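Engineer: need a 3D model of the following:
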Amino acid sequence: MKVIQRTSALLVVQEHLLAVRCMGGLAAAIGFLIFIIFEFPFDLFGCLCIGTAALMSMLNPVEICTLNKATNSMTLEKRRWLSRKIQHHQISQIKEICIDKQQWLGTEFYRIGFHFTSGKHFHLTQFPTTDRAAQQLIAQHIRDFLQDRCLAPSL
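Structural biologist: Now for the predicted structure:
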């Protein structure tokens, strides 16, 4: 996740899933090599790999979080190829911004969580990451933007 835009009244952070892009690029490269090196019918497998890579790039999910002080709104948009989900929340209702830790097969995963005064809790991104420092940096950017010192970091 990275900061796309920051002003005194607006903060936009965006997430592209790098692993999906890398797998798509690898599939395209393998498909191209197979298509060039081999003859019919093996080159059809190369075409299939290139088609899979194109499909992966179209289906690559994008998550955008927009915090707007002027309208007291936080908008979380999750775009896929054919779907688009938008959640709206009020900035004033944010109680805490934290880094949630999950463990799976001995590996620790992290993602940014928002706790609201209503008791609701949701995560900024759909998929967690192993990069704790990056998640802490984005959470700190959000805290600094909100300039609310009561939003203490927690883990």
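
Engineer: now do the biggest helix by length in the chain, average pLDDT.
Structural biologist: The longest helix of the chain (DSSP state H) is helix 18-37. Helix 18-37 carries an average pLDDT of 85.

Engineer: can you pull the domain assignment for the chain?
Structural biologist: Domain assignment for the chain by automatic domain parsing gives 2-16+63-146, 20-58.

Engineer: mean neighbour count added to those, as JSON lines?
Structural biologist: The C-beta positions use only the backbone N, C-alpha and C, and glycine is treated the same way. Shown next, in JSON lines, are these (neighbours: other C-beta atoms under 10 Å):
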{"stretch": "domain 2-16+63-146", "mean neighbour count": "15"}
{"stretch": "domain 20-58", "mean neighbour count": "14"}
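
Engineer: mean pLDDT lowest where, among those?
Structural biologist: Ranked by mean pLDDT, these end with domain 20-58 at the bottom, a mean of 86.

Engineer: the helix or strand where His88 lies - which strands sit beside it in the sheet, and in what orientation?
Structural biologist: If you go by DSSP states H and E, His88 is part of strand 84-90. When pairing is defined by DSSP bridges, strand 84-90 lines up against strand 73-79 (antiparallel).

Engineer: give me the residues contacting the strand it pairs with.
Structural biologist: 61-68, 84-91, 94, 114, 122, 124, 126 (C-beta atoms under 8 Å, 6 or more residues apart in numbering).

Engineer: same question, stretch 81-96
Structural biologist: 58-59, 67-69, 72-78, 114-118, 122, 146, 151-152, 154.
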